[in-house]
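> the following block contains a protein sequence and its predicted model.
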Amino acid sequence: MVYFAQFETGEIKIGYSYDPVYRLAQLKREFDGLISLLKMIPGDRSDESNIHRRFCHLRICGEQFKPEPELMEFIAACESAERPERWWDCVKLDAGLQRMAKHVAIDRGITLAEYLSERLRPYVTQDFERLAKKFHRGGKAPQEGGE
């Protein structure tokens, strides 16, 4: 998703993230909480780049832009996007892999999500156990079920 955030000083950050709310939390830590999310819209990195180009005359530096009426009106006119409830709703598979996995899932009479969960569980479990051992040596194991 493409997101628009505003610094306390007024500058607008135009960025892209699978999870803009999480990204905003990172920015708040980085900038001592002096930034707020204005809007999220559907889009990918190319959409973000197109918006950057459209408002290049307002660019301050990097992804920061002057909060001129032209930009603020554009943001207000954009259709808001909802944050996915789960981060994995944003996971994109290679089209060929997705097509093959769908055929196998259909053949088995299960959903694509069920098939992928079934196939990935042993690999993810193995990696998680390896990670838990690594952290256990350091005194703290990771928690299951987190996003």
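On my side now, so go ahead.

> worst-scoring helix or strand of the protein, pLDDT-wise?
helix 112-138 (a mean of 81; mean pLDDT, DSSP states H and E).

> against which helices or strands is whichever strand or helix holds Y22 packed?
For Y22, the host element (DSSP states H and E) is helix 20-30. When contacts are defined as 3 or more C-beta pairs under 8 Å, 6 or more residues apart in numbering; DSSP states H and E, helix 20-30 packs onto strand 2-7, strand 35-41. Placement of C-beta: from N, CA and C, glycine included.

> need these in a markdown table (columns: distance to I14 and mean pLDDT).
Formatted as a markdown table, the helices and strands packed on helix 20-30 follow (distance: least, C-beta to C-beta, whole Å; pLDDT from 0 to 100):
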| stretch | distance to I14 | mean pLDDT |
| --- | --- | --- |
| strand 2-7 | 6 | 93 |
| strand 35-41 | 10 | 89 |
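
> and those: which comes nearest K66?
Closest of those to K66 is strand 2-7, at 11.4 Å (criterion: C-beta to C-beta).

> before we move on, the earlier item: just the helices and strands packed on helix 20-30: most buried one?
Sort these by mean neighbour count, taking mean count of other C-beta atoms under 10 Å, and strand 2-7 sits at the top with a mean of 21.

> how about that strand as PDB, C-alpha atoms only?
Output in PDB follows, covering the C-alpha atoms of strand 2-7 (Å, rounded to 0.1, in the frame of the first residue of the first chain):
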ATOM      1  CA  VAL A   2       1.000   3.600  -0.600                       C
ATOM      2  CA  TYR A   3       0.800   5.700   2.500                       C
ATOM      3  CA  PHE A   4       0.900   9.400   3.300                       C
ATOM      4  CA  ALA A   5       2.200  10.500   6.700                       C
ATOM      5  CA  GLN A   6       2.800  13.900   8.100                       C
ATOM      6  CA  PHE A   7       5.600  15.100  10.300                       C
END
